[in-house]
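In: Here is my input; please provide its structure:
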Amino acid sequence: MAFEGKGGGFSNFEASREEIVRVHFEPQLARLGLSVEQIEGQTLEELNESLVKVNDAIAHPEAFGTLKISAAAGGGFVIAKTEAHFEIGILPMLLERKSLILSRIKSLVGERRIDSLKDLGSGPITG
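Out: Predicted coordinates:
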């Protein structure tokens, strides 16, 4: 699989690298229920299960394999089978997903606390 560079130095290199990583690893994360869309739709209980999954994946990122990439003539990139200019793993994506899960948990727990405060506020005042 080849990806074309569009010039522009490091920023376009980084954008191309990011695209390659997502195309390669995203299906594996989706099978585990860890795609961005899946995480954004999960309940608090499901998010806690996803947190366990992502922590396990972070502990063993080698289970997802390593993506080997070579620079091609003309500024593009090619996924290499053997020899490569650099290798990329899934760990940065896993850390990104963990951050998303923790943010969603914090958001849902915050909403739950607000709801309980509203419930407390509607009762009789004693004192």
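
In: Show me what the helix ranked longest in the chain is packed up against.
Out: Taking DSSP state H as the criterion, the chain has its longest helix at helix 91-121. Applying 3 or more CB pairs under 8 Å, 6 or more residues apart in numbering; DSSP states H and E, one finds that helix 91-121 contacts helix 10-31, helix 36-40, helix 44-59. The way it works is simple: take the backbone N, C-alpha and C, and place the C-beta from them, glycine included.

In: Out of the ones you listed, which gets nearest to residue 86?
Out: Closest to residue 86 of the helices and strands packed on helix 91-121, according to CB to CB: helix 10-31, at 8.6 Å.

In: partners of the top strand by length along the chain, with directions?
Out: Using DSSP state E to define each element, the chain has its longest strand at strand 67-71. Each strand paired with strand 67-71, and its direction, by DSSP bridges: strand 77-79 (antiparallel), strand 86-88 (antiparallel).

In: residue ranges with poor pLDDT in this protein?
Out: 1-11, 13, 71-85, 113-127 (pLDDT under 70).

In: can you pull up the bridge partners for the closest residue to residue 21 other than its chain neighbours?
Out: Spatial nearest neighbour of residue 21, excluding adjacent residues (CB to CB, 6 or more residues apart in numbering): residue 88 at 5.6 Å. Per DSSP bridges, the residues bridged to residue 88 are residue 67.

In: neighbours of residue 88, just the number please.
Out: For residue 88, the count of nearby residues is 18 (other CB atoms under 10 Å).

In: Would you check that it makes contact with residue 17?
Out: Yes: here residue 88 reaches residue 17: they are 6.8 Å apart, a contact under CB atoms under 8 Å.

In: Overlap of the contact sets of the two?
Out: residue 69 (CB atoms under 8 Å, 6 or more residues apart in numbering).

In: circling back to that earlier point, mind putting the helices and strands packed on helix 91-121 in CSV, distance to residue 108 included?
Out: Shown next, in CSV, are those (distance: least, CB to CB, whole Å):
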stretch, distance to residue 108
helix 10-31, 21
helix 36-40, 11
helix 44-59, 5
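
In: out of those helices, nearest to residue 67?
Out: Using CB to CB, the nearest of the helices and strands packed on helix 91-121 to residue 67 is helix 10-31, at 5.1 Å.
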